[in-house]
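1. Quick one, structure for this:
(chains A, B, C and D, ligands or ions: 4)
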Number of protein chains: 2
Amino acid sequence: MGENVNPHAHFASICELHLPDHLMPETANLADLCRKHGRRLTGQRRIIADVVSAAHDHPDVIEIHRRAAAIDPGIALSTVYRTLRMFADIGLIETHTFEGGRARVEQATGEHHDHLIDITTGKVIEFRSDAIERLQTEIARRLGYRLTGHRLELYAEPIPGRASPVRRKAR
Amino acid sequence: MGENVNPHAHFASICELHLPDHLMPETANLADLCRKHGRRLTGQRRIIADVVSAAHDHPDVIEIHRRAAAIDPGIALSTVYRTLRMFADIGLIETHTFEGGRARVEQATGEHHDHLIDITTGKVIEFRSDAIERLQTEIARRLGYRLTGHRLELYAEPIPGRASPVRRKAR
DNA sequence: TCGCTTCTGCAAATCATTTGCAATAAGGAT
DNA sequence: ATCCTTATTGCAAATGATTTGCAGAAGCGA
Ligand SMILES: [Mn+2]
Ligand SMILES: [Mn+2]
Ligand SMILES: [Zn+2]
Ligand SMILES: [Zn+2]
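-> Ligands and ions are numbered 1, 2, ... in the order given. Just a heads-up that it's a prediction; the model follows:
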């Protein structure tokens, strides 16, 4: 981890994390990718793309609309929905439906990870455990299946005493 | 499969399964439990309870309504919703929201387990892996949290050649 | 059986998300 | 820079799942 000024620094740095710094901020302009996929780069799409790229807190659709509207008050919620769905369709973003509520979004990084949701604050913490990933594939196999996807969400509360959960920096 | 008449036979028998037969069919009358919780045992509740107890396929609310209506055509969908929510509130059943679609229900057994969803048929297969359970607790701990709950769903397709997935019987 | 509540059926209300449509704006071609 | 075709947008209405208000119906302890 080091002098991690990386916007993805919140990505759980323990738990067998395998995201080399130079690979992490897959900041490949969402807007450009959008164009690259033959879609028109409209003003609202550019804004929504920027909002999503800048977000590192898994905002939900309403929140994204709020942030986008702060830049262009004219943007319609339906446009946000349509744009996000389009981004998801071409694989630029991922959407999650944690317990209850609206779908939450994050820019796709290519690197798979799962989430831990702090039930006291709603904060989402990312992590990756190859051990668990392997285990899931193995379980499916034993059941006679080939794993094609999965959903793993941990709901937890901070351990008191433990100064703000692990977000330890440098070393 | 085989002389396995146990309604829970579909519960993955491999994967470190820890559900001794004599403990499995937690067939403690849902209806009775309902009464025990101070609620009135109405005709429709009795029927819904029976439908849920008899189901071993994680039916969704509409399906439960369909089965209940087959017994008493007068049962309203809203009653099914209200009753299921009530059952869930007092811990008699568990509801899951697998990818897309309505909530699916199952009678609570006290024994925790996770699910593998056959993406080709929608069939739900139950399993339990203590290794994964442990790993989840450990990951949360390392992140500074105490695990209070989790959601683990495996989406997979049958491995061709492998005669109908593992549902192998006795020994 | 009586009476007090708790329930139920029905319709309307919510909530999140999608969609029809006319007006508007990309962006490749003049 | 101007056209022109066609994708995209804003708005309102539509969906789909689940909840809720309400008046009448039904539990159940006395
Ligand atoms: Mn994430
Ligand atoms: Mn189950
Ligand atoms: Zn994972
Ligand atoms: Zn589990």
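2. how close does the residue of chain A found nearest DNA strand D get to ligand 2?
-> The minimum distance from chain A to DNA strand D, using C-beta to the nearest atom of the strand, falls at residue A:79 (2.9 Å). From N, CA and C alone the C-beta is placed, and that goes for glycine too. Applying C-beta to the ion, to the nearest Å, the value for residue A:79 to ligand 2 is 39 Å.
3. Now do the domain split for chain A, please.
-> Taking automatic domain parsing as the reference, chain A has its domains at A:20-110, A:112-171.
4. Would you mind giving those as JSON lines with mean pLDDT, distance to residue B:35 and mean neighbour count added?
-> Formatted as JSON lines, those follow (pLDDT from 0 to 100; distance: least, C-beta to C-beta, whole Å; neighbours: other C-beta atoms under 10 Å in any protein chain shown):
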{"stretch": "domain A:20-110", "mean pLDDT": "90", "distance to residue B:35": "29", "mean neighbour count": "16"}
{"stretch": "domain A:112-171", "mean pLDDT": "89", "distance to residue B:35": "31", "mean neighbour count": "17"}
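5. picking that back up, how near is the residue of chain A closest to DNA strand D to residue A:39?
-> From residue A:79 across to residue A:39, the span is 13 Å (C-beta to C-beta, to the nearest Å).
6. report the longest strand in chain A, please.
-> strand A:145-158 (DSSP state E).
7. Is chain B within reach of that strand?
-> Yes - using C-beta under 8 Å from any C-beta of the partner chain, strand A:145-158 reaches chain B at A:145-158.
8. Would you mind naming what in chain A lies close to DNA strand D?
-> A:39-40, A:42, A:44-45, A:72, A:74-76, A:78-79, A:82-83 (C-beta under 7 Å from any atom of the strand).
9. Sort out for me which of those residues are in helices.
-> Counted as lying in helices by DSSP state H, out of the residues of chain A next to DNA strand D, are A:44, A:45, A:78, A:79, A:82, A:83.
10. isn't the fourth one right next to residue A:44, touching?
-> Okay, so that is residue A:79. Yes - applying C-beta atoms under 8 Å, one finds residue A:79 in contact with residue A:44, separated by 5.3 Å.
11. who's in contact with the closest residue to residue A:30 other than its chain neighbours?
-> Leaving aside its chain neighbours, residue A:30 sits nearest to residue A:49 (3.7 Å; criterion: C-beta to C-beta, 6 or more residues apart in numbering or on different chains). Taking C-beta atoms under 8 Å, 6 or more residues apart in numbering or on different chains, we find residue A:49 in contact with A:29, A:30, A:31, A:34, A:87.
12. just residue A:86 next, same as before
-> A:34, A:39.
13. and the gap between it and residue A:96?
-> Residue A:86 is 18 Å from residue A:96, by C-beta to C-beta.
14. ok, now residue A:66?
-> 19 Å.
15. cool, residue A:62 as well?
-> Taken as C-beta to C-beta, the span from residue A:62 to residue A:96 is 15 Å.
16. residue boundaries of the helices in chain A?
-> Counting by DSSP H, the helices of chain A are A:30-36, A:43-54, A:61-69, A:77-89, A:130-142.
17. Mind putting these into TSV with distance to residue A:112?
-> Output for the helices of chain A, formatted as TSV (distance: least, C-beta to C-beta, whole Å):
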stretch	distance to residue A:112
helix A:30-36	19
helix A:43-54	18
helix A:61-69	22
helix A:77-89	16
helix A:130-142	7
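18. right, and the domains of chain A - which one's nearest DNA strand C?
-> domain A:20-110 (3.3 Å).
19. who in chain A is up against ligand 3?
-> Residues of chain A found near ligand 3 (C-beta under 5 Å from the ion) are A:114, A:152.
20. which bits of chain A sit near ligand 1?
-> Going by C-beta under 5 Å from the ion, the residues of chain A near ligand 1 are A:106, A:126.
21. Just confirm yes or no for stretch A:147-159 near ligand 4.
-> No - figure legend: stretch A:147-159 not in contact with ligand 4 (C-beta under 5 Å from the ion); closest approach 9.4 Å.
22. Please state the offset of that stretch from the chain centre?
-> 13 Å (C-alpha atoms, centre = their mean, to the nearest Å).
23. For it, C-alpha coordinates in PDB please.
-> Output in PDB follows, covering the C-alpha atoms of stretch A:147-159 (Å, rounded to 0.1, in the frame of the first residue of the first chain):
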ATOM      1  CA  LEU A 147     -19.900 -21.300 -11.700                       C
ATOM      2  CA  THR A 148     -20.800 -18.400 -13.900                       C
ATOM      3  CA  GLY A 149     -21.300 -15.700 -11.300                       C
ATOM      4  CA  HIS A 150     -21.900 -15.000  -7.700                       C
ATOM      5  CA  ARG A 151     -23.000 -12.500  -5.200                       C
ATOM      6  CA  LEU A 152     -21.300 -12.200  -1.900                       C
ATOM      7  CA  GLU A 153     -22.100  -9.400   0.600                       C
ATOM      8  CA  LEU A 154     -21.100  -9.200   4.200                       C
ATOM      9  CA  TYR A 155     -23.200  -7.200   6.600                       C
ATOM     10  CA  ALA A 156     -21.300  -6.200   9.700                       C
ATOM     11  CA  GLU A 157     -20.800  -3.600  12.400                       C
ATOM     12  CA  PRO A 158     -17.600  -2.000  13.400                       C
ATOM     13  CA  ILE A 159     -15.700  -3.700  16.300                       C
END
